[in-house]
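Peer 1: Dropping the sequence and predicted coords here.
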Amino acid sequence: MHRVAVGRRIASAVATASLVGALGVAGAAPALAAAPAPLSFTIDYTKATSIPQAPTLGGGFAGNGPVLDASGQTIGRTFDTCGIDGIEGPTKMDADCGAYVVFNNGDELNLSTQAVIDANPMDYPYTFKAVVEGGTGTYNGAQGEATVTAQRPGVYKVDVQFS
């Protein structure tokens, strides 16, 4: 009887170890892809954006425009929508914005921000932060932060750091 009990204990221990090993392999987290390289570009919304002349709480605006590299070449296009959720003064509004950058190769980068938008050209440049919310292709699952510098009304330099 002692021999049978020991045999069962050994068999049970082997089965448990096998199960734990199988679960460990099956439950292992997938390897994370390397973060994309830092990225810089300029967005020019002056071609097609409609910013209200007198911002109103609850109002909004949307726009699109070319995305340019440092040499001024068009590398994509951006589309944004913003909702005005605060008024700071006659030319300044708090806006909750989402921007989607579609690069010429088809990859997309998604950004969002809560920022003060200023329509007074005398107050430029100014800077705010945006959140990287992923995208497609190279930016699938990407996370990070963008520093956005408003160079003049409707023109933004964007420097993205991925984490």
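Peer 2: Perfect, thanks for sending it.
Peer 1: C-alpha only now, for contacts and for neighbours.
Peer 2: Fine.
Peer 1: How about the contacts made by the closest residue to residue 137 other than its chain neighbours?
Peer 2: Leaving aside its chain neighbours, residue 137 sits nearest to residue 107 (4.9 Å; criterion: Cα to Cα, 6 or more residues apart in numbering). Contacts for residue 107 (Cα atoms under 8 Å, 6 or more residues apart in numbering) come out as 135-139.
Peer 1: which of these count as buried?
Peer 2: The neighbour-count test (16 or more other Cα atoms under 10 Å) applied to those identifies 135, 139 as buried.
Peer 1: of all the contacts of residue 107, which two lie farthest apart?
Peer 2: 135 and 138 (7.8 Å; Cα to Cα).
Peer 1: How confident was the prediction at residue 13?
Peer 2: Note for residue 13: predicted pLDDT of 44.
Peer 1: which SSE is the most centrally placed residue in the chain in?
Peer 2: Centroid-nearest residue in the chain: residue 132, 1.9 Å away (criterion: Cα atoms, centre = their mean). Assigned by DSSP states H and E, residue 132 belongs to strand 126-135.
Peer 1: Quick one: the strands in this structure, in order.
Peer 2: 39-44, 60-68, 74-87, 92-103, 108-118, 126-135, 144-152, 155-162 (DSSP state E).
Peer 1: What distance do you get for the residue lying closest to residue 119 once chain neighbours are set aside to residue 110?
Peer 2: Excluding its sequence neighbours, the residue lying closest to residue 119 (Cα to Cα, 6+ apart) is residue 91, at 5.1 Å. Between residue 91 and residue 110 the computed distance is 27 Å (Cα to Cα, to the nearest Å).
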